[in-house]
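A.B. asks: can you look at this prediction? I've put the sequence above it.
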Amino acid sequence: MSLRISLLFLFIVSSILAHTQQDSLQNAPLNMALSIVNNKDGHPLTVGVYAQIDYNQGIGNSFRENGSLDVHRLVNFLGYRFNDKTHFVTEIEFEHVNEVTVEQAFLNYAIRPSLSVRAGLMLIPMGIVNEYHEPTTFNGVERPNLDAKIIPTTWREIGVGLFGRVNEASLSYQVYVVNGFLSYNGNGVLRGDDGLRKGRQKGAQSIISHPNFSAKVDHYGIRGLKMGIAGYAGRSQSTLYGQIDLQDEAGRMQADSSTVGVLMTGFDFRYRNKGFMSRGQIIYSKLSDTRAYNAYTGSDLGSEMLGYYFELGYDLLTLFTKKQEVKELILFSRYENYDTHHQVAEGIQRNNAFNRTDITTGLTFRVAKGAVFKGDYQYFTNRSSSNDPLGQLNLGIGVWF
């Protein structure tokens with residue numbers, strides 16, 4: 001992790017701390033799962049939907065690109081409150097019209113306000129978008145690519161753990177034990193281009209050969225600012241451990257070669273002061289035993305991955321009215337860099353095409369509390385000698401109710 005990046009984030013956070021003026025109650029944003037768990041009204045059933053419909057038009061220097069029109073996501077939420085302490089949360093997603101997945105399905109039992117037990121299929125608390133991915137909660141038609149290539153969103157696994165808030169300290173926390181990424185199922189699953197992404201088991205007949213651990217702490221006590229620090233540690237899973245003879249040393253060593261150790265850390269922040277807003281995150285992953293894994297599977301998985309972005313935005317409507325309104329017209333820009341070959345083990349040539357930079361600039365027009373029109377232009381480039389920069393125009397709508 002470069003000193004330059006670390007100093008940049010320290011400067012950003014220090015500047016924010018020196019100029020915060022917004023009420024701290026807005027520092028703990030809700031997503032749909034938290035809305036269900038916090039539901040205390042008279043009706044035990046909560047029903048919700050979020051949807052994202054996109055138009056993407058690639059603009060290349062060398063080739064003409066067809067545009068893409070897609071019902072990217074249509075997600076149904078169902079929550080049930082058995083009593084004030086016990087809630088069940090589900091999130092069922094239809095993606096690209098013809099793919100159906102379950103993104104969340106967990107039971108939440110509140111022992112006390114500061115301590116709840118959760119068990120089931122849960123989102124891993126890493127970064128911002130993995131937990132807050134409703135399309136009205138972020139700028140840009142598409143989610144940041146860092147959240148796809150390194151974290152990787154939407155990342156969820158089956159497990160059990162603790163969740164809670166300590167309001168006196170303005171802290172929330174999550175600690176989970178979950179199954180890990182699948183790295184081998186007859187073939188190598190993980191690769192250099194998108195790191196761990198293909199290894200998400202998503203609760204679909206998942207296997208576990210090693211438990212993994214995930215934790216995050218968020219602080220929301222400073223006006224206008226929410227900051228989080230997260231960690232994830234464990235080892236990937238492999239089908240080769242199934243039915244292995246406990247005395248078979250060679251078989252165990254072969255199975256070990258089909259897995260990697262995973263250590264991921266992240267820092268993120270969100271800030272708002274009247275019409276001004278900013279957010280950013282930095283994610284670092286260290287993967288151990290990639291030399292043996294790549295040799296066994298023929299893959300090109302990197303041994304370190306690093307990504308960061310910083311985004312600035314301003315609600316232009318605040319220039320014309322002082323009245324607090326639901327409507328917003330946010331002009332924003334985001335700079336994003338992510339490298340899935342930040343470091344590679346011996347035997348693998350570092351691929352500079354995996355060191356990518358995205359610049360996104362656009363508008364978010366919030367016409368109602370849960371409805372937005374979005375438009376932006378993205379510029380994609382990488383560090384390879386054969387780099388052919390690509391532009392992309394994106395238009396879309398997002399709803400959440």
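C.D. replies: Arrived safely, thanks for sending.
A.B. asks: next, count neighbours for Asn66.
C.D. replies: The tally of other residues near Asn66 (other CB atoms under 10 Å) stands at 7. Glycine gets a C-beta too; all of them are placed from N, C-alpha and C.
A.B. asks: shaky segments in the stretch 1-150 of the chain?
C.D. replies: Low-confidence segments of the stretch 1-150 of the chain (pLDDT under 70): 1-29, 40-41.
A.B. asks: let me know the helix or strand that Ile36 is in.
C.D. replies: Taking DSSP states H and E as the criterion, Ile36 maps to helix 32-37.
A.B. asks: with Pro144 instead?
C.D. replies: Using DSSP H and E, Pro144 sits in no helix or strand.
A.B. asks: my guess is it meets Tyr309, correct?
C.D. replies: Yes - assessed by CB atoms under 8 Å, Pro144 is found in contact with Tyr309 at 5.6 Å.
A.B. asks: the residue nearest the centre of the chain sits in which helix or strand?
C.D. replies: Per CA atoms, centre = their mean, the C-alpha nearest to the average position across the chain is that of Asn130, at 2.7 Å. Using DSSP H and E, Asn130 sits within no helix or strand.
A.B. asks: give the other helices and strands that the helix holding Ile36 contacts.
C.D. replies: Helix 32-37 is packed against strand 45-60, strand 67-83, strand 86-95, strand 99-112, with contacts defined by 3 or more CB pairs under 8 Å, 6 or more residues apart in numbering; DSSP states H and E.
A.B. asks: give me the common contacts of Pro144 and Tyr309.
C.D. replies: Counting by CB atoms under 8 Å, 6 or more residues apart in numbering, the common neighbours of Pro144 and Tyr309 are 334, 336.
A.B. asks: could you pull out the helices for the protein?
C.D. replies: Here the chain has its helices, by DSSP state H, at 3-19, 32-37, 146-149, 249-257, 290-297.
A.B. asks: can you say which of the helices and strands packed on helix 32-37 is packed in most?
C.D. replies: Highest mean neighbour count of the helices and strands packed on helix 32-37: strand 86-95, a mean of 19 (counted as mean count of other CB atoms under 10 Å).
A.B. asks: give the pairing partners of it; include direction for each.
C.D. replies: strand 67-83 (antiparallel), strand 99-112 (antiparallel) (DSSP bridges).
A.B. asks: any chance of those in JSON lines, with distance to Ser258 too?
C.D. replies: Formatted as JSON lines, the entries for these read as follows, by distance: least, CB to CB, whole Å:
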{"stretch": "strand 67-83", "distance to Ser258": "33"}
{"stretch": "strand 99-112", "distance to Ser258": "25"}
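A.B. asks: of all the ones you listed, which lies closest to Thr360?
C.D. replies: Across the strands paired with strand 86-95, Thr360 has its closest neighbour in strand 67-83 (16.4 Å, CB to CB).
A.B. asks: which other residues reach that closest one?
C.D. replies: When contacts are defined by CB under 8 Å, 6+ apart, strand 67-83 is touched by residues 32-33, 36-37, 39, 44-58, 87-97, 103, 135, 396.
A.B. asks: got it, and stretch 368-383?
C.D. replies: 135-136, 139-142, 326-327, 352-367, 387, 389-401.
A.B. asks: I'd like the average pLDDT over that stretch.
C.D. replies: Mean per-residue pLDDT for stretch 368-383: 96.
A.B. asks: tell me which residues of that stretch come out buried.
C.D. replies: 370-372, 374, 376, 378, 380, 382-383 (16 or more other CB atoms under 10 Å).
A.B. asks: and the contacts of stretch 368-383, which are buried?
C.D. replies: Buried residues within the contacts of stretch 368-383, defined by neighbour count using 16+ other CB under 10 Å: 135-136, 139-142, 353-358, 360, 362-366, 390-400.
A.B. asks: could I get the phi/psi values of the residue located most distally from the centre of the chain?
C.D. replies: No residue in the chain sits farther from the centre than Gln247, which is 40.8 Å out by CA atoms, centre = their mean. Note on Gln247: its backbone torsions stand at phi -90, psi 0 [degrees, to the nearest 10].
A.B. asks: residues contacting the closest residue to Tyr55 other than its chain neighbours?
C.D. replies: With sequence-adjacent residues excluded and distances taken as CB to CB, 6 or more residues apart in numbering, Tyr55 is closest to Leu395, at 4.5 Å. Residues near Leu395 by CB under 8 Å, 6+ apart: 54-55, 141, 374-375.
A.B. asks: tell me what Leu395 is bridged to.
C.D. replies: For Leu395, the beta-bridge partners under DSSP bridges are Tyr55, Gly375.
A.B. asks: pLDDT at it, what is it?
C.D. replies: On pLDDT, Leu395 comes in at 98.
A.B. asks: nearest to Ile222, out of the strands paired with strand 86-95?
C.D. replies: strand 99-112 (25.4 Å).
A.B. asks: distance between that closest one and the chain's centre?
C.D. replies: The chain centre lies 17 Å from the centre of strand 99-112; the measure is CA atoms, centre = their mean, to the nearest Å.
A.B. asks: one more: stretch 68-82?
C.D. replies: Stretch 68-82 sits 17 Å away from the centroid of its parent chain (CA atoms, centre = their mean).
A.B. asks: export that stretch to CSV, keeping only CA atoms.
C.D. replies: C-alpha atoms of stretch 68-82 as CSV (Å, rounded to 0.1, in the frame of the first residue of the first chain):
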residue,chain,number,x,y,z
SER,A,68,-26.7,-2.4,-24.2
LEU,A,69,-30.2,-2.1,-22.6
ASP,A,70,-30.7,-4.2,-19.5
VAL,A,71,-33.1,-4.7,-16.6
HIS,A,72,-30.0,-5.0,-14.6
ARG,A,73,-31.6,-5.8,-11.2
LEU,A,74,-35.1,-6.3,-9.9
VAL,A,75,-34.9,-7.2,-6.2
ASN,A,76,-37.7,-8.2,-3.9
PHE,A,77,-37.4,-7.8,-0.1
LEU,A,78,-39.5,-9.7,2.4
GLY,A,79,-39.1,-9.3,6.1
TYR,A,80,-41.1,-10.7,9.0
ARG,A,81,-41.2,-9.5,12.6
PHE,A,82,-42.1,-12.4,14.9
